[in-house]
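Q: based on what follows, work out the 3D shape:
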Amino acid sequence: YDAVSSEIRSELLERLQPARQNLRVNNVRAALEEVLGVLEAAEPMLAVLHCMLKMSSSESALSALKSRMGDVSRELGRQEPKQLYRIVLAEFLKDQKIDEKEEAQLALLRALIGLSDADASDAYKLATGPVYRREALVRIQKGELSGEAKSELDEVLSKLVIPAETVRQIGVELYRERLLALIDGNRILSEENATELASLRSFLSLTLEDVAETHAKACGPVYEQAVNEAMGSSGIILEEYQAALDKLATRLELTKEYARDIFYRVAKGRLYDYAMRAAKLLQERQKLRGQDEARDVGDDPFVTRAGAQLGIQGGGLTTELSAMIDFYTKNKLVVEKEVTVGEGEDAKTETVTEYPVTLRGMIEPKIVEGLYKQFLIDCLSAKTMAEKQRLFMGLSGVGNVLGLDEKQTADVNAGIGAVIYKNYIGQALAKPGGSGKLDPQDTQFLQSIAMTLQMSEKKATDLTKEAVEGHITVLIERCFSAAKVLPQSVRRVRESARGLGVDLVADLNVSSETRGKMFAVEVDDAIERGQITPADQSALAVAQRGFSVDDDQAKSILLECIQSRCRGLMVNAAAALRSNRTDTAADDLVKMTRFGKLLPTEVSAPMVSSTEKQELLLVYQAHAIRDGAITDAEKENLELLETMLGVAGSAKTPA
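A: Numbering: from 1, shown residues only. Okay, here's the model as predicted:
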């Protein structure tokens, strides 16, 4: 069996070579004759295999032949076997049917060349499709679309047994050709044309859905031109024009979906024009604001910058974007839907606004954000409440039409909100004679801004916290940028931080050294003014808490403060004494006693001699005598001064 089957394989492949060669030189007829000859020669060989298999196996002779032939691509190539099969199939289909003998020959040929069922099916479609197309086209060209003509065409289909999808595709192609002929030169379909096309669809067993895409591609340009003309220069389609467009779409057999898509495409082009005109104005404004300044548009809407009064303040850009939203709403592009939120008893219906046409992806994100940001700034900067309300009504639409998503909108809003919060809070807290805190009206204004910019409560709180912390930081910087750190400056830092709930350590991370310096300045001034005494040290405790100074640091600072101030006051008093300014010397000594009461100990001042110290004691004694006598309090001060000067017992205290 193996020897015989192998010989049969070799013989058949050798006989197929001439057919392959004729195919390569496009001699289709010769190739066909060669294949038919091979099929005749193969039939007795197949009978031999059948006889041999009866004695040894139940395997059919055809299956055995196909198995023995195996892969013939090496001998016949990969594409040639398929082409040979299609040639034979086309020959058999000339009479529009395949009889039993022809079916047997095709099965034998498939076994010889190893053709798969899928490839055989594809070949059948390719062969029968042109036959059906030819039969249908002949009738269409003659205008024979009657029921009788359709029955004839259906009979052809029944003989050919063509897959339904292949029939539909051929029908759509024939329909498209006729449609293009009717609208050649952008002609609008007449009612007579529409009737003819309806008959053609019936003849080809096509539905409107089958040809919807065909009509959209063929008639779309006509409808698009009509939409543009209806919009005119204003861009707004009047109701009577819209009705005419609806009729045109029906005549062009455009589905509502395709007509809507074409309308959206035209609208998107108009929206793009509005946006690009606004972008050009934005670019001009940026240049005028600072000649290519690197700072971003909208950094500070309250600062007047270069070019702000040159006629490009807000009108042009705001007008273009407002007109864009006007175009959107008046052409009824906004879609409102009712949606159910929640489940069960908590379920409720809400109206959701959608923007089906946007410029997302058509303009650089940086430009889009810049346009939205500037429009928002112009909204906030509007001079009248009516103008502000009008602009804010279009704000959401501007963001959506430009193609900003929720995150991008929130980021821009937060950025502008941060600037407004920072500036407003800074101005409110810096008001002369202010409380150093945000008044109820300030809080109300900030809440209105947060609501307008659709900021969450957390975001608004964070911005407020950031702004007040920034304010305290600025106050601290101002303290140390001055030639001398003033008591009123550090006191303002402490009181403002307390009033605004800012912790210098936890919130601002102010260093221990900086807090200690401010504490020392305030304590020094309080002692000098008599606000801190041995009997009343509440001011000291307030300053310690306000600047978050611990007990050890407070004691160390207080000691250094007293020693330093007493030393300085003693030196100043001695200098005044040398200049015979005894009153000035007495004043310094009075201040010195105030510090000394907190730390009654001798003050080291080597630059003041013992004689000068004794003279200073006498100066204070003379200052303390009133009406020839000295009070008990002054006696105590005099004794304290003796201790501090290190000249105890030198003074003669009057009785």
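Q: show me what the helix or strand containing residue 594 is packed up against.
A: Here residue 594 sits within helix 582-596, counting by DSSP states H and E. Counting contacts by 3 or more C-beta pairs under 8 Å, 6 or more residues apart in numbering; DSSP states H and E, helix 582-596 is packed against helix 512-528, helix 551-578, helix 610-624, helix 632-645. Every C-beta, even on glycine, is put in place using the N, C-alpha and C of the backbone.
Q: ok, which of these comes nearest residue 133?
A: In terms of C-beta to C-beta, the element of those nearest to residue 133 is helix 512-528, at 91.6 Å.
Q: give me the buried positions along the closest one.
A: 515-527 (16 or more other C-beta atoms under 10 Å).
Q: next: stretch 151-169.
A: Buried-residue list, stretch 151-169, by 16+ other C-beta under 10 Å: 153, 156, 157, 160, 162, 166, 167.
Q: next: stretch 170-185.
A: 170, 171, 172, 174, 175, 176, 179, 182, 183.
Q: correct me, but residue 97 touches residue 160?
A: Yes - contact criterion C-beta atoms under 8 Å: residue 97 and residue 160 qualify, at 7.4 Å.
Q: residue 212: which of the buried residues of helix 512-528 is nearest?
A: Minimum distance to residue 212 across the buried residues of helix 512-528 is 77.0 Å, recorded for residue 515 (C-beta to C-beta).
Q: and for the residue lying closest to that closest one once chain neighbours are set aside, the neighbour number?
A: Using C-beta to C-beta, 6 or more residues apart in numbering and skipping the chain neighbours, the partner closest in space to residue 515 is residue 547 (4.4 Å). Each residue near residue 547 was counted by other C-beta atoms under 10 Å, and the total is 28.
Q: who touches the helix holding residue 594?
A: Contacts of helix 582-596 from elsewhere in the structure, counted by C-beta atoms under 8 Å, 6 or more residues apart in numbering, are 527-528, 530, 533, 561-562, 565-566, 569-570, 572-574, 576-577, 603, 616, 619-620, 622-623, 637, 640-641, 643-644.
Q: for that helix, what is the distance to the chain centroid?
A: Distance of helix 582-596 from its chain centroid, counting by C-alpha atoms, centre = their mean, to the nearest Å, is 69 Å.
Q: same check on stretch 338-347?
A: Taking the mean of its C-alpha atoms, stretch 338-347 sits 28 Å from the chain's own mean (C-alpha atoms, centre = their mean).
Q: with stretch 579-599 instead?
A: How far stretch 579-599 lies from its chain's middle: 69 Å, per C-alpha atoms, centre = their mean.
Q: before we move on, what about stretch 28-45?
A: The chain centre lies 69 Å from the centre of stretch 28-45; the measure is C-alpha atoms, centre = their mean.
Q: residues of that stretch that come out buried?
A: Applying 16+ other C-beta under 10 Å to stretch 28-45 flags 31, 32, 34, 35, 36, 38, 39, 42, 45 as buried.
Q: please apply the same query to stretch 630-648.
A: 630, 634, 637, 638, 640, 641, 642, 644, 645, 647.
Q: distance of the fifth one from residue 357?
A: The spacing between residue 640 and residue 357, counted by C-beta to C-beta, to the nearest Å, is 87 Å.
Q: ok, residue 339 touching residue 353?
A: No - counting by C-beta under 8 Å, residue 339 stays clear of residue 353, with 10.9 Å between them.
Q: what's the longest helix in this structure?
A: Longest helix in the chain by number of residues (criterion: DSSP state H): helix 256-288.
Q: show me what that helix is packed against.
A: Helices and strands touching helix 256-288, by 3+ C-beta pairs under 8 Å, 6+ apart, are helix 208-231, helix 239-251, helix 315-330, helix 365-381.
Q: next, format those as TSV and append mean pLDDT.
A: TSV is the format used below for the helices and strands packed on helix 256-288 (pLDDT from 0 to 100):
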stretch	mean pLDDT
helix 208-231	92
helix 239-251	92
helix 315-330	89
helix 365-381	89
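Q: confidence-wise, which of the buried residues of helix 512-528 comes last?
A: Comparing pLDDT over the buried residues of helix 512-528, the lowest score belongs to residue 527 (83).
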